[in-house]
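S.K.: Got a predicted structure plus its sequence, pasted below:
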Amino acid sequence: METTPMYRICELKVPVKDGRRDEYVQVPFNLDQIIMREGYSDFIKKGTRFDIFEIEDELAAGAQGVAYTARLAPGVRPADIGYEGNVLPEDLKFVVKLPNGYNHKTNSFDPSTLVKRAVEMNNEIEVFKALKNGNNNIVHMKGYISSPLMPKSVEDMAAQKSLHRFVVPAIIMEYVEASSRKKHNGKYNSELLLDYLAGCANALMHMNRNGFLYGDFKPDNLIIRTDGQPILVDLGSARRKEVFKPLETAIKERDNDAKNKEVTDLLTDVGLSSVIYTAPELVALYGGMDVSDVEEKATFVARAPGGKSEAYAICATVYELMTGLRPFEHIKDSTRYTGRELVNEKNSIKQLMGVYSLFAGGVSPFDYDRISEDSPLARMLKKIVIQATQLDNRKRLSLRELYDQISHLYAEHRGRRLGPERREFARKNGRKINTGTERFNSGPVGKQKQKTNGNSRQLEDDFEVWARERRKTRRKTDNFSTKE
């Protein structure tokens, strides 16, 4: 292959012990080469050198990307990427993710699909960079290849006459080994559900704090790791919250034409997410509801994406893990579809309109009676899921409220296994806890601060600080209940 010209030289960041170091690599192919060969088969095979990585096997191929497992290539010194003693862990593996050009509707390679996925992946890289690997429930990006010249929108990219200037973007991530723990009768037990719900709320709350909405929460975008923690592995649909401001304005002003334009642009750039896990207000939005004449007390209305739609998607997924049924799947009588036919509908537009008609008729996608109540923890989890999946957006938990509730429940439940002081600390501080895990602490212990109830007083997120202060103000004869 001829020498790659300078405009195809793109930045690759690799992990080092203290911080990150920038390196520059030659990318082996660009968009027009992949289009000419109709895929990666002529470029990527087992043993293919991908700069400092060597491809092993194809891991998975989804609608947005193709993933390959990889290891550091022979000759790469482990010390160069931060491993002391020049020795790599035996199980160290990476995942190289590339945009997928396969069109599932036509069952063939499609250049326009590849271009769209390339734009999405280039934007996904920017999301990963903004998040800075700061959350343990979101997969960590170990490196990337991006095309700085690539437009940010699919529409602008489609106007480009030549594609040879744009390299194929790639994301190099840590390999996450999935748990082998099995469901019982298609369901997870309450302990696993608590970890799952806590981890998901933690991940999306971290994105929210950094100014992003995830936008496409569903089981396929998560891996339950061997320790039971859910890991978010796909950020391709994430967008900054300010992107939705014009849409919010159009809905508030009841400008239906402006709303339709914003929805069209949004669907062009992001696409239609998994409808059965999508909040009712977004189904109304994407289904074409007229916002110019909406009753004030209506429960099914169009609204812009936000924290409440994020909370709904999390708990719609958790409902599936609780019952073994996807949302709507319990419905046996319907004018258009049975529940099973609806969730298995391949045409996303038909599925959207089927869900729209059910929501408009006040039909709930959930059969809450199927959720187990065999323990106090199970009953609390059921209560949270019901509160976060209300049809009426105004009665539903926000993402912040969901995060607070599950953090407090986690503290109460896990706290019973801790000492009496830690239990009291967990009860009094709710989400501001440090119980020996990092599930709710994205940063170093003792350095996060949080305002409470509008008060300017800030609290250290560290049990040890709290305990020392408490002991100074109380007699040594303080009597704590030691019953577990």
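M.R.: Received, thanks. Numbers count the residues shown, from 1 in each chain.

S.K.: Nearest the geometric middle of the chain, what residue?
M.R.: residue 232 (4.6 Å; CA atoms, centre = their mean).

S.K.: My read is that it contacts residue 138, right?
M.R.: Yes - look at residue 232 against residue 138 with CB atoms under 8 Å: they come within range, at 4.7 Å. Every C-beta, even on glycine, is put in place using the N, C-alpha and C of the backbone.

S.K.: list residues touching both of the two?
M.R.: residue 203 (CB atoms under 8 Å, 6 or more residues apart in numbering).

S.K.: Can you show me the strands along the stretch 1-150 of the chain?
M.R.: 9-15, 20-26, 49-50, 53-61, 65-72, 94-99, 102-103, 108-109, 141-145 (DSSP state E, counting those that start in this stretch).

S.K.: Just put these in TSV and tack on distance to residue 300.
M.R.: Shown next, in TSV, are the strands of the stretch 1-150 of the chain (distance: least, CB to CB, whole Å):
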stretch	distance to residue 300
strand 9-15	45
strand 20-26	47
strand 49-50	48
strand 53-61	36
strand 65-72	34
strand 94-99	36
strand 102-103	33
strand 108-109	38
strand 141-145	38
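
S.K.: What distance do you get for the closest residue to residue 332 other than its chain neighbours to residue 411?
M.R.: Once flanking residues are discounted, residue 332 sits nearest to residue 338: 5.8 Å by CB to CB, 6 or more residues apart in numbering. For residue 338, the distance to residue 411 (CB to CB, to the nearest Å) stands at 42 Å.

S.K.: Which one's more surrounded, the two?
M.R.: residue 411 (25 against 15; other CB atoms under 10 Å).

S.K.: And for residue 301, nearest residue in space, chain neighbours not counted?
M.R.: Using CB to CB, 6+ apart, the closest residue to residue 301 is residue 294 (5.3 Å).

S.K.: And the helices in the stretch 251-400 of the chain, which stretches?
M.R.: Secondary structure of the stretch 251-400 of the chain by DSSP state H, counting those that start in this stretch: the helices cover 256-269, 280-286, 307-323, 339-343, 348-360, 376-388, 399-415.

S.K.: how about those in JSON lines, adding distance to residue 246 and mean pLDDT?
M.R.: Compiled in JSON lines, these are given as follows (distance: least, CB to CB, whole Å; pLDDT from 0 to 100):
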{"stretch": "helix 256-269", "distance to residue 246": "5", "mean pLDDT": "84"}
{"stretch": "helix 280-286", "distance to residue 246": "13", "mean pLDDT": "92"}
{"stretch": "helix 307-323", "distance to residue 246": "17", "mean pLDDT": "94"}
{"stretch": "helix 339-343", "distance to residue 246": "32", "mean pLDDT": "84"}
{"stretch": "helix 348-360", "distance to residue 246": "22", "mean pLDDT": "87"}
{"stretch": "helix 376-388", "distance to residue 246": "27", "mean pLDDT": "93"}
{"stretch": "helix 399-415", "distance to residue 246": "22", "mean pLDDT": "85"}
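
S.K.: Any chance of CSV for these, columns distance to residue 131?
M.R.: Below are those laid out as CSV (distance: least, CB to CB, whole Å):
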stretch, distance to residue 131
helix 256-269, 20
helix 280-286, 23
helix 307-323, 15
helix 339-343, 31
helix 348-360, 28
helix 376-388, 23
helix 399-415, 16
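
S.K.: so where's the stretch 351-484 of the chain uncertain?
M.R.: 415-484 (pLDDT under 70).

S.K.: Look up which residues are beta-bridged to residue 70.
M.R.: Per DSSP bridges, the residues bridged to residue 70 are residue 55, residue 94.

S.K.: need the contact list for it.
M.R.: 50, 53, 54, 55, 56, 93, 94, 95, 96, 172.

S.K.: Let me know the distance separating the first one from residue 405.
M.R.: According to CB to CB, residue 50 and residue 405 sit 44 Å apart.

S.K.: same check, this time on the fifth one
M.R.: Note on residue 56: its distance to residue 405, by CB to CB, is 42 Å.

S.K.: So which of these two has more stuff around it?
M.R.: Between residue 56 and residue 405, residue 405 has the larger neighbour count (other CB under 10 Å), namely 21 against 16.

S.K.: can you pull the contacts of the more buried one?
M.R.: 384, 387, 397.

S.K.: got the end-to-end distance for stretch 219-226?
M.R.: This stretch, stretch 219-226, spans 16 Å end to end (CA to CA, to the nearest Å).

S.K.: List the buried residues for that stretch?
M.R.: 219, 221, 222, 223, 224, 225 (16 or more other CB atoms under 10 Å).

S.K.: In PyMOL, how would I select the buried members of the contacts of residue 70?
M.R.: Only the buried entries of those go into this PyMOL selection, using 16+ other CB under 10 Å:
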select buried, resi 50+53+54+55+56+94+95+96+172
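
S.K.: and which of the contacts of residue 70 is nearest residue 284?
M.R.: Set against residue 284, the nearest of those by CB to CB is residue 95 (36.6 Å).

S.K.: picking that back up, check the contacts of residue 405 against residue 365 and report the nearest one.
M.R.: Comparing the contacts of residue 405 against residue 365 with CB to CB picks out residue 387 as the nearest, at 15.3 Å.

S.K.: my read: the closest one touches residue 397, true?
M.R.: Yes - taking CB under 8 Å as the definition, residue 387 is a contact partner of residue 397 at 4.8 Å.
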